[in-house]
Structures are given as C-alpha cells and as structure tokens.
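Student: Sequence first, predicted model second:
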Amino acid sequence: MNCQEYREWFRKREILSSEGIVSEAYLHAKTCKECSVMNKIDTDIENKFRKELYMREVPDGLLNRIELNIKSIYNVKKRTSVPRLKHGGTSLWKTAAPAFAVAAMVLLFISYNFAYFRSVEEVGRLSVESHMENLPMMFKAEEVKDISLWFRERLSFPVSIPEIGESGLKLVGGRKCKLGRNEVAYLFYKKGDKRISLYVIDTKKIKYEMEDNKKYHLPFKECEVDIWKSGDMVYSLVR
Ligand SMILES: [Zn+2]
C-alpha cells in the first residue's frame, strides 16, 4: 500500500475494515512517517473528543476548540519532530496536516454524533419522525408469547417492556426499527382509534443526564411525547 492508497483507506476506514486491508494499512503507517503522523493526530483527536465531549451538549465554541486542538497538537509535533527535508516537506506538512486533522475530526464528530442520543429533544424528534412513518408491524401481540424474547433474538440489548398503567391502552404489536443510527424496540399500542408508539432504547446509547423515572414531556408537531428512564431502558411514548 502506498501513501495515496493509505489515505484513501483512511478516509473510508469505517467501511474498509476487513482484516487484510487493515493490516496492510497498519504496515504502511508503521513504515511511513507522514502517514503515521496523520494516524497519531487522529488518535489524539479521538482521545480528546472522548474525554472532553463525553456526556455533554455540543458547545457553541466548538469550531474554536477544534482550531485550538489542532494548534496544540501541531505545536507538540513541532517540538518533538526530527529533522526533515529542507524543501517542500515542511510547508506541505504545514498545510496538509491541519487539513487532514480537520477532515478527520469532522468525520469523527459526525459519526460520534449519530451513534448516540445527545439530548431528550433528539430522542423526542426521532421518535415522532418514526411514529409518522407509519411502519408496518413485524408481529401482532396475540401471535407472540414472549415479546422480550422476540426482541432478544433480534436486538443487541435485552428489552424490558414497561407496565403502562393507562386504562384503555392496548398493546397490538411490535417491530424493531432505527432511531437515528440506533436499533430500538418499537411497540404499537392503541387507545380507541388512536395509534400510540412506544420506543424502547438501550440506556448505553444515551449520552446526556437523565433522572430515573422522571417524565420528560415534549410537544412535537401534532404529537405529544413522554420520555422516561427506568433501569437499563429509556422509553419514548408518542401519541
Ligand atoms: Zn505514507
């Protein structure tokens, strides 16, 4: 693998993740200084991101912080770097490295942002969007004896179905679906003629503070959403 191929791979590394190509890429990064520096910047950024932005809202001054992070990484590199080519090398590095860093950070930021729920509003908005899609059921309530088991065989987290003590509310069926990038359990209820949707989310996918058993009520478009957390589950009820 040469530098160009390495960079091509680097940009698409989430998709191109087969063992062969990954070990080829690592081999190249090991032997190529420029590419390994790029790799290092990416790892540093990733670590900084994990440390600084975990469980927090996206701050307003994020772009400034990205710039500062790049500057600080660049300064560290400058202090510790070994002598390099007098011509071309330095200026290429000066312009290319921050550009790579920004690109890597933006990509990382985008994928991080979609992989988790970052606010109660986001859960509400995605639930309402899914509710309005009118997705078909994958099973009817009377056809499945153990609904938790049905989900356990299809989702990566154990689903517990809440006791919703509301008179006239009837469970009619369910399916799995996606809210953003996350797979969730989706239960269909009816109250009279009204269609009500319940989404069951793994709390590991929630990256904001949520009090146990506190109900968050949000109006969205023509819907009302109740969101609450109970143990390992976060529930979002759309009506
Ligand atoms: Zn290279």
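Tutor: Yes, it's here. Residues are numbered from 1 along each chain as shown.
Student: Tell me which residues touch Met137, please.
Tutor: The contact partners of Met137, by C-beta atoms under 8 Å, 6 or more residues apart in numbering, come to 172-175, 188. Backbone N, C-alpha and C define where each C-beta goes, glycine included.
Student: and the gap between it and the ion?
Tutor: For Met137, the distance to the ion under the criterion C-beta to the ion, to the nearest Å works out to 52 Å.
Student: so what's Phe220 up against?
Tutor: 124-125, 128, 238.
Student: quick one, strands of the protein?
Tutor: Applying DSSP state E to the chain gives strands spanning 139-140, 169-179, 182-191, 194-202, 216-220, 223-230, 233-238.
Student: Now tabulate the ones you listed in CSV and tack on mean pLDDT.
Tutor: What follows is these, written out as CSV (pLDDT from 0 to 100):
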stretch, mean pLDDT
strand 139-140, 96
strand 169-179, 95
strand 182-191, 95
strand 194-202, 96
strand 216-220, 91
strand 223-230, 95
strand 233-238, 96
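Student: show me the contacts for the residue nearest to Lys204 when sequence neighbours are not counted.
Tutor: Of all residues not flanking Lys204 in the chain, Phe157 sits nearest, at 7.2 Å (C-beta to C-beta, 6 or more residues apart in numbering). Contacts here follow C-beta under 8 Å, 6+ apart; on that basis Phe157 touches 202, 204, 232.
Student: what are the phi and psi angles of Ser18?
Tutor: Backbone torsions for Ser18, taken as degrees, to the nearest 10, come to phi -70, psi 150.
Student: how about it, what does it touch?
Tutor: Neighbours of Ser18 in contact, by C-beta under 8 Å, 6+ apart: none.
Student: hang on, the earlier thing: which one of the strands of the chain lies closest to the ion?
Tutor: Distances from the ion to each of the strands of the chain were compared by C-beta to the ion, and the smallest falls on strand 182-191, at 35.4 Å.
Student: what comes up buried for the closest one?
Tutor: For strand 182-191, burial by neighbour count (16 or more other C-beta atoms under 10 Å) applies to 182-189.
Student: What strands line up against that strand, and which way round?
Tutor: Under the criterion DSSP bridges, strand 182-191 sits next to strand 169-179 (antiparallel), strand 194-202 (antiparallel) in its sheet.
Student: Name the nearest residue to the spatially most central residue of the chain, ignoring sequence neighbours.
Tutor: Geometric centre of the chain, nearest residue: Ala115, 0.9 Å, by C-alpha atoms, centre = their mean. Ranked by C-beta to C-beta, 6+ apart and with sequence neighbours excluded, the top spatial neighbour of Ala115 is Arg181, at 5.6 Å.
Student: Equivalent analysis for Arg125, please.
Tutor: For Arg125, ignoring the flanking residues on the chain, the nearest one in space by C-beta to C-beta, 6+ apart is Phe220 at 6.3 Å.
Student: who does the closest residue to Lys140 other than its chain neighbours bridge with?
Tutor: Of all residues not flanking Lys140 in the chain, Gly173 sits nearest, at 4.6 Å (C-beta to C-beta, 6+ apart). With DSSP bridges as the criterion, the beta-bridge partners of Gly173 are Lys140, Phe188.
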